[in-house]
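Sequence and predicted structure are below.
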Amino acid sequence: MDDSGLTLTSSSSLTSYDMDIAAWANEQATLLRQQRFDLLDWQHIAEELEDVGKSEQRELASRFAVLMAHLLKWQFQSDRRSKSWERTIKEQRKALAFHLKKVPSLKPKLRDSEWLAAIWSDAVTIAIGETSLADFPEQCPWTIAEVLDLDWFPPENSRKG
């Protein structure tokens, strides 16, 4: 047994990725630290590393959709504006700024029109679900700079109905 508590001998069987991913991950980390490369589960390690990137992208997308949904509500339900909405908008903006600083490789997503269209669609879906409205713009009417600007809020919508 080593100082990590993992006993590795030629007859040891390692935890299966499919049986207990947490135990598997700990064993893989121990093997890496011990430089026991011959025992590593390379295929699953590669998949897990890719999943880390996908998870970061999902977080970015989720935060953007929530932020844009609240901006839609702010614009189209001006009579229902609240400190809670304002707080959510500011919190999401700060979280997005931090996330983009922590993971700068995600910044190109902000220029990807297909990605932005998908985020907008999610935002509209959220806004429809949280309001009695359904007549939102087909495309985002704001720039990314506006969406991320801590002090910017969309004006009241001139359409009523």
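Received the coordinates, thanks. Because the structure is predicted, anything quoted here is derived from the model rather than measured.

Show me where the protein has its helices.
Secondary structure of the chain by DSSP state H: the helices cover 21-33, 42-76, 83-102, 113-130, 144-148.

Nearest to the spatial middle of the protein, which residue is it?
For the chain, the residue nearest the mean C-alpha position is residue 59 (0.6 Å; CA atoms, centre = their mean).

out of the helices of the chain, which comes closest to residue 154?
Of all these, helix 42-76 sits nearest to residue 154, with 3.9 Å by CB to CB. No exception for glycine: its C-beta is placed from N, CA and C like everyone else's.

So for residue 155, which of the helices of the chain sits nearest?
Checking the helices of the chain against residue 155 by CB to CB gives helix 42-76 as the closest, at 6.9 Å.

where does residue 53 land on pLDDT?
At residue 53, the model reports a pLDDT of 89.

Sorry, wrong one. I was asking about residue 135.
Note for residue 135: predicted pLDDT of 92.

contacting residues around residue 153?
By CB atoms under 8 Å, 6 or more residues apart in numbering, residue 153 lies in contact with 71, 74, 86, 89.

circling back to that earlier point, CSV please, covering the helices of the chain and showing distance to residue 157.
Shown next, in CSV, are those (distance: least, CB to CB, whole Å):
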stretch, distance to residue 157
helix 21-33, 47
helix 42-76, 5
helix 83-102, 15
helix 113-130, 12
helix 144-148, 15
